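Undergrad: please find the sequence and the predicted model below.
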Amino acid sequence: MTTQNSHDEIQSGLKDLISAKVSRRGVFAGIGGLSAAAFLASCGSGGGSGSGGEALRWGNWPLYLDFDEKTKKYPTLEAFIKKSGIETKYFEDYNDNDEFFGKVQAQLKLKKDIGYDIVTPTDWMAARWIRLGYTQKFDGANIPNASNVLDTLASPSYDPSREQTLPWQGIMSGFGWNTAKNPKGIRTLDDLFAPQNKGKIVVLTELRDTIGVILLAQGVDVTKVTENQYMNAVDFMAKKISDGWIRGVKGNEYAEDLTSGDATAVIGWSGDMFILASENEGKFDFAIPESGGTISGDNFVIPYTATANAKKNAEAMINYYYEPAVAAEVAAYVNYVCPVKGAQAEMEKIDPELAKSEYIFPTEKTMANLHVFRALTTEEETSWTEAFQKAAGN
């Protein structure tokens, strides 16, 4: 995908929806000590009690669902509530995978309620949930729309039959930048570590994205990366931190550093950069590195602590979001890779230009330059994560 085309797409369509995100951030900034989850619970979606009188509780990432600034509600979620009669509470409680997992792990081990009936971990973390026995298998009869999952996403190694996961959105990682500070753009690791960005670079806490981008720039195949190759890339990051190039290793809050001017360049996510560019009239841009970027997905997962009624309600919600028209409406707002067949045709009805967006519906050419970080063994996950965290200063 060329930077020029990306910029044109960013500037077209959905200005009214994107502007709601600016105001929404202001709302959360003014909440003070009240958590976003608590705030949303207090004024969140209403509706009928649903099956068994239980409210369905969904934990997700920030700015990851269509939102109406006027009503302070989520249109597609409100439509689901009205259609199904299932009361649903929506919590923006993810900042990064490890942080969220650490919050619920103790309760999971004790088989106690974790406060969520459906969660949205990234591929590798979904694999961990499955490996540890913390998930429930779907009742396929309750999710007939699961057949709409894209063929390329239908059989991941951690859940080959998609019995315990279904993708919510796909995530491209690459380079994001302030266009005034980097007028020529950033397409290589050398571009990222240009003099004007020293001390103003932020990279992601998701090691598969940050180290994945570094490895690809070093000519390493991330689908076959060895421990030595991985550790070399971690050492590279550690030196860039100690030498004052990288100011932070962060989750979703890296976007705040860009908007404040504390950061001028990042290893970040495409959807976030779309939002930032749209909010700031092209002040920010994004590109998949010439050497390649990474791609992963966040997934619907039902914890094994969810009750039978909650599980049934969660499956009804998953099935609803796998309707192509609903998936297109969400994608038009969040601008991440849509995993649902038929959604691109539905997007044509919403915004023909957006239906061409590489952020939402990447072409084969773009997909060829995106790579999935290989699955790690239990031992590797522990040692590789420890090495990354140590380099990050945690």
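TA: Sure thing, it's come through. The shown structure was predicted, so the numbers you read here are calculated from the model rather than taken from an experiment. Numbering: from 1, shown residues only.

Undergrad: and residue 377, what's its pLDDT?
TA: According to the prediction, residue 377 has pLDDT 89.

Undergrad: quick one, strands of this structure?
TA: For the chain, the strands defined by DSSP state E occupy 56-60, 88-92, 166-178, 201-204, 246-250, 265-269, 284-287, 293-300, 370-371.

Undergrad: can I get the longest one in CSV, CA atoms only?
TA: Put plainly, it is strand 166-178. Taking Å, rounded to 0.1, in the frame of the first residue of the first chain, the C-alpha atoms of strand 166-178 are listed here in CSV:
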residue,chain,number,x,y,z
LEU,A,166,-13.7,-16.2,16.2
PRO,A,167,-11.8,-13.1,15.0
TRP,A,168,-13.2,-9.7,16.0
GLN,A,169,-10.8,-7.5,13.9
GLY,A,170,-7.5,-8.0,12.2
ILE,A,171,-4.5,-5.8,13.2
MET,A,172,-1.7,-4.6,10.9
SER,A,173,1.4,-3.2,12.6
GLY,A,174,4.0,-1.0,10.9
PHE,A,175,5.3,2.6,11.1
GLY,A,176,3.3,5.6,12.1
TRP,A,177,4.6,9.1,12.1
ASN,A,178,4.0,12.9,12.5
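
Undergrad: quick one: list the elements packing against that strand.
TA: Packing partners of strand 166-178 (3 or more Cβ pairs under 8 Å, 6 or more residues apart in numbering; DSSP states H and E): helix 207-217, strand 265-269, helix 270-279, strand 284-287, strand 293-300, helix 324-334. Quick note: C-beta positions are derived from backbone N, CA and C, even for glycine.

Undergrad: tell me the most buried of these?
TA: strand 265-269 (a mean of 29; mean count of other Cβ atoms under 10 Å).

Undergrad: between that strand and strand 293-300, how big is the angle?
TA: Between strand 265-269 and strand 293-300, the angle comes out at 40 degrees (axes from the mean of the first three to the mean of the last three Cα atoms, to 10 degrees).

Undergrad: partners of strand 265-269, with directions?
TA: strand 166-178 (antiparallel), strand 201-204 (parallel) (DSSP bridges).

Undergrad: give the contact list for the closest residue in space to residue 261 that isn't next to it in sequence.
TA: Nearest residue to residue 261, sequence neighbours excluded (Cβ to Cβ, 6 or more residues apart in numbering): residue 178, at 7.7 Å. Residues counted as contacts of residue 178 (Cβ atoms under 8 Å, 6 or more residues apart in numbering) are 258, 261, 263, 264, 265, 283, 284.

Undergrad: of those, grab the buried ones for ChimeraX.
TA: With 16 or more other Cβ atoms under 10 Å as the criterion, this ChimeraX line picks the buried residues out of the contacts of residue 178:
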select :258,263,264,265,284
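
Undergrad: for residue 153, which of the helices and strands packed on strand 166-178 is the nearest?
TA: strand 293-300 (6.6 Å; Cβ to Cβ).

Undergrad: name the residues that touch the closest one?
TA: For strand 293-300, contacts defined as Cβ under 8 Å, 6+ apart pick out 61, 64, 118, 120-124, 126, 153, 165-174, 208-209, 212-213, 216, 222, 314, 318, 321, 337, 339, 367, 369-373.

Undergrad: same question for stretch 198-210.
TA: Residues outside stretch 198-210 that contact it (Cβ under 8 Å, 6+ apart) are 96-99, 122, 124, 171, 173, 181, 192-193, 222, 237, 240, 244-251, 254, 257-258, 262-269, 294, 296, 373, 384-385, 388, 392.

Undergrad: and those residues, which are buried?
TA: Buried by 16+ other Cβ under 10 Å: 96-98, 122, 124, 171, 173, 192-193, 222, 237, 240, 245-251, 254, 257-258, 263-269, 294, 296, 373, 384, 388, 392, out of those.

Undergrad: relative to residue 63, how far out is the nearest residue to residue 62 once chain neighbours are set aside?
TA: Nearest residue to residue 62, sequence neighbours excluded (Cβ to Cβ, 6+ apart): residue 92, at 4.6 Å. Counting by Cβ to Cβ, to the nearest Å, the gap from residue 92 to residue 63 is 8 Å.

Undergrad: same deal with residue 185?
TA: Look at residue 185 and residue 63: by Cβ to Cβ, they are 24 Å apart.

Undergrad: can you check residue 363 too?
TA: Residue 363 is 25 Å from residue 63, where distance means Cβ to Cβ.

Undergrad: ok, those two, which is more surrounded?
TA: Taking neighbours as other Cβ atoms under 10 Å, residue 363 and residue 63 compare with residue 63 leading, 18 against 10.

Undergrad: check what pLDDT the more buried one gets.
TA: Note on residue 63: pLDDT of 83.

Undergrad: if I look at it, how far off is residue 343?
TA: As judged by Cβ to Cβ, residue 63 and residue 343 stand 19 Å apart.

Undergrad: and what of residue 359?
TA: For residue 359, the distance to residue 343 - Cβ to Cβ - is 13 Å.
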